[in-house]
Each structure stands twice: as structure tokens, then as C-alpha cells.
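Engineer: Got a predicted structure plus its sequence, pasted below:
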Protein chains: 2
Amino acid sequence: MALEHLFQGSALNAVDAKGRVSIPAFLRSVIERRGDARTIVLAKHEAFPCLSAYDPAYAALKHSKLERLLEKEETNPEAQLEYQQRNLMAFAATEEVPYDSSGRILFPPMMRRKGQIGDLALFLGTGETFQIWNPDLLLEDSRIPEDLKDIARFRLEERGQS
Amino acid sequence: MALEHLFQGSALNAVDAKGRVSIPAFLRSVIERRGDARTIVLAKHEAFPCLSAYDPAYAALKHSKLERLLEKEETNPEAQLEYQQRNLMAFAATEEVPYDSSGRILFPPMMRRKGQIGDLALFLGTGETFQIWNPDLLLEDSRIPEDLKDIARFRLEERGQS
DNA sequence: TGTAATCCCACGAAATCCCATTGTATCCCG
DNA sequence: CGGGATACAATGGGATTTCGTGGGATTACA
């Protein structure tokens, strides 16, 4: 599990009336260096009220990891059920969306609701994956370090002036 | 067993009066990337009250996997029996159906009964295969993670409002 | 010859493409 | 070093295509 290209940096982009968002160019370049897809995978984050996003290559990696776990414990019926559940969450509870030539995706309504994304989307690189936040929810969350909130405030300010 | 194209995402489609269902386009595209068939294989799921579905290329893969398992334990008579049983399930208890130019299959009545599918079919990608559920049965099943039920509820809602 | 499967066309909604505009960062040359 | 030109990113809006769906017509089969 060593992906050499890592997601980093932050950006605040608008969601337009049609539900479209630009994926920041610096994140797209990582996706395209990892594989040749022009596609991102969206999932609800397990811990935070935001979305988790990554490229298809990372999703495949996650899958093969699950497969290997199963083969080890093939005899155990409890392990079978847990495998089924994980697989459902990893694939049925995610959506793969392509971005167009201008780097935009159409935000799937279900994910938009799950991530509680309004008309602003805050992108945060976190290494192997990146997160998409409603900036207001990030500022409200007590688990988020103050320094990170400062970044969110800065991005909001930047936009408020324009 | 490394398939690069994986089934992912969810959709809720109608079964019409003639018993026809659209296979979601995002699942069809995976089928057609894996092989050049415009066909799906249906089977009763081993654990859940739903149907399991995949492409013919995957069926072949599954078969060779069983074969390899058998060769490993050729001396064990119990393994022989189990092999026969699994092979029967994998091939006799399945149906292969083509989809037409608009992406619809005619639901085979037996499979429809086995999967207890009414006039709504919930499609769930699970990586190597996908599942077809009666959405009500999924909501009733205690083994299904709550987050996944949320997705089913969202899909139902989406449809109810239109 | 009747029943069921397949084909064909049609429609509305939604997704996708394409082009235009703006603002910002970068480059180049005086 | 400065200032204009250039390239790219993000965004808006209109045009086009695709998708899911219904219904009728045609074909296959028993």
C-alpha cells in the first residue's frame, strides 16, 4: 500500500445550480499520475460528517486487501458475513463519477446529501485520499484542529471578497 | 483473480408489466469492458434473500477457481462431493440472459421468484459481482449495515417524489 | 393460432458536451 | 525590475446526447 503520489493542499470551490463542482487541478494531477483514469470515487467518511474521495486505483487496492483477508479465514462463517458487509459498504455505498474536460463532476445527489454539501465544497488533501467538506460543518466540529479551521476561514474570506 | 473493472454504485429501477428491467448503464459498462458480451448471469445469493449477478467472463473465472480447489484436495472424498454440489449451484442454478439495445433484460420468472423481486429492483455493486434486491427485503434484513439501508431509503425517496 | 418474447419507436428528465467569460498565476522581453 | 502578454483554472449558460421507461408492432414458438 505505497502510493507514491499523495493528495495534499486545500481549495474551496462552488457547486453550481446544476450540481457541478470543479475538482481542484492539483488533486486531478495526482489522480492522473496514479492511474490513467479521469474519475473519482466518492464515499461517506466513517468518522467525520464529510465525504471521502479517491481514485479508482486506490479502490481496487482496497478490494484486493479485503479478498486476501477472506481467503485466510475461508472456513469461518462469521468472517464470511463480515466480508459481505464490508464489500457492500466499499462498493454499493460508493459512487464513481468521471470528470469532464474542464475538470468538473456532477455531484451525485445522494452523496451531496450524505456529505451535507451546500453550494460550497472544501477540498482537503489527506495523503492517500482527500476529503470534501461543507466548510460550515468543519468549523463547527470540535475534533478539528484550530489551525485547520484557520485554513477554512481563510478560504472563505478569500471568496467572500470576490 | 484480479479483475480490473469492478461493479460499484447503486440504483433503483422499475420492473414493468412485461417483466422488463433496465440494467443500470454504469453496471453495463463494466460488463462490456470485462468482455464483449451483452449478457448477465443470474443466481440466487448464497447468504442473502436477493440475487447475485455477473458477466459470463466472471462465471468462467469462478469455474476455474473451483477446479483448482478440487485438484488441491483430490484425495479427500468429502471435497469431491462438495465440489459437485458447488458446481451444480454455479451452473445449473443460474440463468444467463441477454440485454437488448436499450439495456433491458426480461426477468426470468424463476429468478424473479427466487429473489422475491416485485416491481422495484435495487441494484448494488459489490466489486466482482453485483446484487439485485427487493428493496423492502433489504430494509428488513438485520445483517445489512444501517448506512446501506440509508442508501436504499434514499433511492426509494428519490423515486417516490417524482 | 394464441401466447410470449423480441423489436421498434417515442417521450421526458437528466447527464454530458461545448463554448464563452472571468480572474489569477506565469512567462517573457524590454 | 516592471508591465504587458499568455496560459490555465474555475465557472456560467445553452445545446446535445444518453438513460430509463412505456407502449405498440412484429416475430418465434408451441
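Structural biologist: Everything's here; your move.
Engineer: What is the burial count for the closest residue to residue A:16 other than its chain neighbours?
Structural biologist: Closest residue to residue A:16 apart from its sequence neighbours, by Cβ to Cβ, 6 or more residues apart in numbering or on different chains: residue A:119 at 7.9 Å. Using the backbone N, CA and C atoms, a C-beta is placed for each residue, glycine as well. Neighbours of residue A:119 under the rule other Cβ atoms under 10 Å in any protein chain shown: 11.
Engineer: Now do the helices in chain A.
Structural biologist: Per DSSP state H, chain A carries helices over the ranges A:25-34, A:56-72, A:77-87, A:109-114, A:135-140, A:146-160.
Engineer: Using CSV, write out every CA atom in the fifth one.
Structural biologist: Going back to what we said before, that points to helix A:135-140. Output in CSV follows, covering the C-alpha atoms of helix A:135-140 (Å, rounded to 0.1, in the frame of the first residue of the first chain):
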residue,chain,number,x,y,z
PRO,A,135,-17.0,24.4,5.3
ASP,A,136,-19.5,25.3,7.9
LEU,A,137,-19.6,21.8,9.3
LEU,A,138,-15.8,21.7,9.6
LEU,A,139,-15.8,24.9,11.6
GLU,A,140,-18.4,23.5,14.0
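Engineer: by contact count, what packs against it?
Structural biologist: The contact analysis (3 or more Cβ pairs under 8 Å, 6 or more residues apart in numbering or on different chains; DSSP states H and E) places helix A:135-140 against strand A:120-125, helix A:146-160.
Engineer: Is DNA strand D within reach of the first one?
Structural biologist: No: interface with DNA strand D: strand A:120-125 contributes nothing (Cβ under 7 Å from any atom of the strand), its closest point being 8.1 Å away.
Engineer: what's in contact with that strand?
Structural biologist: Identification of contacts with strand A:120-125 by Cβ atoms under 8 Å, 6 or more residues apart in numbering or on different chains yields A:6-15, A:21, A:23-24, A:26-27, A:107, A:130-135, A:138, A:148, A:152, A:155-156, A:159.
Engineer: Ok, the last one next?
Structural biologist: With Cβ under 8 Å, 6+ apart as the test, helix A:146-160 has contacts from A:10-12, A:120, A:122, A:124, A:133, A:135, A:138-139.
Engineer: same thing but at 6 Å, please
Structural biologist: With contacts defined as Cβ atoms under 6 Å, 6 or more residues apart in numbering or on different chains, helix A:146-160 is touched by A:10, A:12, A:135, A:138-139.
Engineer: Can you tell me the number of residues neighbouring residue A:42?
Structural biologist: 23.
Engineer: check contacts around the residue most central in space within chain A.
Structural biologist: When Cα atoms, centre = their mean is applied to chain A, the residue found nearest the centroid is residue A:53 (1.7 Å). Contacts for residue A:53 (Cβ under 6 Å, 6+ apart) come out as A:40, A:42, A:130, A:132.
Engineer: my read: the third one touches residue A:5, true?
Structural biologist: The one in question is residue A:130. No: with contact defined as Cβ atoms under 6 Å, residue A:130 does not reach residue A:5; the gap is 12.0 Å.
Engineer: With neighbour numbers in mind, choose between the two.
Structural biologist: Between residue A:130 and residue A:5, residue A:130 has the larger neighbour count (other Cβ under 10 Å), namely 26 against 14.
Engineer: Nearest to chain B: which residue in chain A?
Structural biologist: At 3.8 Å from chain B, residue A:92 is the closest residue in chain A, using Cβ to the nearest Cβ.
Engineer: Excluding chain neighbours, give the residue nearest to that residue in space.
Structural biologist: Of all residues not flanking residue A:92 in the chain, residue B:124 sits nearest, at 3.8 Å (Cβ to Cβ, 6+ apart).
Engineer: Output the set of residues of chain A in proximity to DNA strand D.
Structural biologist: Counting by Cβ under 7 Å from any atom of the strand, chain A sits next to DNA strand D at A:11, A:13-14, A:16-18, A:21-25, A:102-104.
Engineer: Least confident of the helices and strands packed on helix A:135-140, on average?
Structural biologist: Mean pLDDT per stretch puts helix A:146-160 lowest among the helices and strands packed on helix A:135-140, at a mean of 93.
Engineer: How about residue A:117: what's its closest non-neighbour residue?
Structural biologist: residue A:134 (5.2 Å).
Engineer: which residues touch that neighbour?
Structural biologist: A:116-118.
Engineer: If we use 7 Å, what do you get?
Structural biologist: Counting by Cβ atoms under 7 Å, 6 or more residues apart in numbering or on different chains, residue A:134 touches A:115-118.
Engineer: What spatial separation is found between it and residue A:120?
Structural biologist: Per Cβ to Cβ, to the nearest Å, residue A:134 is found 7 Å from residue A:120.
Engineer: quick revisit: just the buried residues out of the contacts of strand A:120-125, in ChimeraX syntax.
Structural biologist: A single ChimeraX command suffices to select whichever of these are buried according to 16 or more other Cβ atoms under 10 Å in any protein chain shown:
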select /A:7,10,11,12,13,15,21,23,24,27,107,130,131,132,133,134,135,138,152,155,156
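Engineer: Fine, thanks again, bye for now.
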